[in-house]
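Asks: Need coordinates for the below:
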Amino acid sequence: MEDDDLPIEDRRYIDEVKHDFLMQYDNDLILKDAPEEIRDLFITYCDELCDSGDMDALRIKGYGCYGGNSVYECDFKTSAECMERLWREGGFGYAANTLGYIYYYGRLSDGIPDYEKAFFYYSIGNTYGIIESGYKLADMFMHGYYVKQNLDMAASIIEKFYGESRYRFEQG
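Replies: Have a look, this model is predicted:
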């Protein structure tokens, strides 16, 4: 209450209020049309909550930096740091999948792939049941990236996903 006379950007809020603010504006189309003051607050609150380990803030910032959006520029290093915390501390398998893509396409090393790390993170994503991770593992076996080329293994992985996806499709 004592901050009511201050401009919004100078007021103090508890983390729960900052988190609710982030969730309200967690949509790039909304942020794109939001006033600059709102976008600035979004960045400030997101960064503060990331520092305190808030999983939603780490997800928002990590994916915002992955390709860039209306509030964060593309920054694969920051994205990788957020994703690492998300899967290790929050058990968010899609973050491991995203790390796989970062290393597979060499986003941290001037386009030079790190297939060993990509394989590691895709394996984690696959363990979480993320189809994209399994698909990329099959791709790595097919081409022999980091692993010995094994077309039978690649085919087996793809057939497994085909069977599961077909069953789910047929069940509606």
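Asks: what mean pLDDT does the helix or strand hosting residue 168 have?
Replies: In this assignment (DSSP states H and E), residue 168 forms part of helix 151-170. Averaged over helix 151-170, pLDDT sits at 88.
Asks: Can you give the distance of that helix from its chain's centre?
Replies: Once both centres are worked out by C-alpha atoms, centre = their mean, to the nearest Å, helix 151-170 turns out to sit 25 Å from its chain's centre.
Asks: Which residues does it contact?
Replies: Contacting residues not belonging to helix 151-170 are listed as 131, 134-135, 137-139, 141-142 [C-beta atoms under 8 Å, 6 or more residues apart in numbering]. Where you see a C-beta, it was placed from the backbone N, CA and C, and this is true even at glycine.
Asks: got those as CSV, with distance to residue 49 columns?
Replies: Formatted as CSV, the contacts of helix 151-170 follow (distance: C-beta to C-beta, whole Å):
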residue, distance to residue 49
131, 30
134, 32
135, 32
137, 33
138, 37
139, 35
141, 39
142, 41
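Asks: Closest one of the residues you listed to residue 32?
Replies: residue 131 (29.8 Å; C-beta to C-beta).
Asks: so what pLDDT did that closest one get?
Replies: 91.
Asks: Which residues are in contact with it?
Replies: Contacts for residue 131 (C-beta under 8 Å, 6+ apart) come out as 161, 165.
Asks: and what of the one 4 residues further on?
Replies: Residue 135 makes contact with 157-158, 161 under the criterion C-beta under 8 Å, 6+ apart.
Asks: one more time with 7 Å, if that's ok
Replies: Going by C-beta atoms under 7 Å, 6 or more residues apart in numbering, residue 135 touches residue 161.
Asks: Kindly report the same for residue 70.
Replies: Contacts for residue 70 (C-beta under 7 Å, 6+ apart) come out as 28, 31-32, 39.
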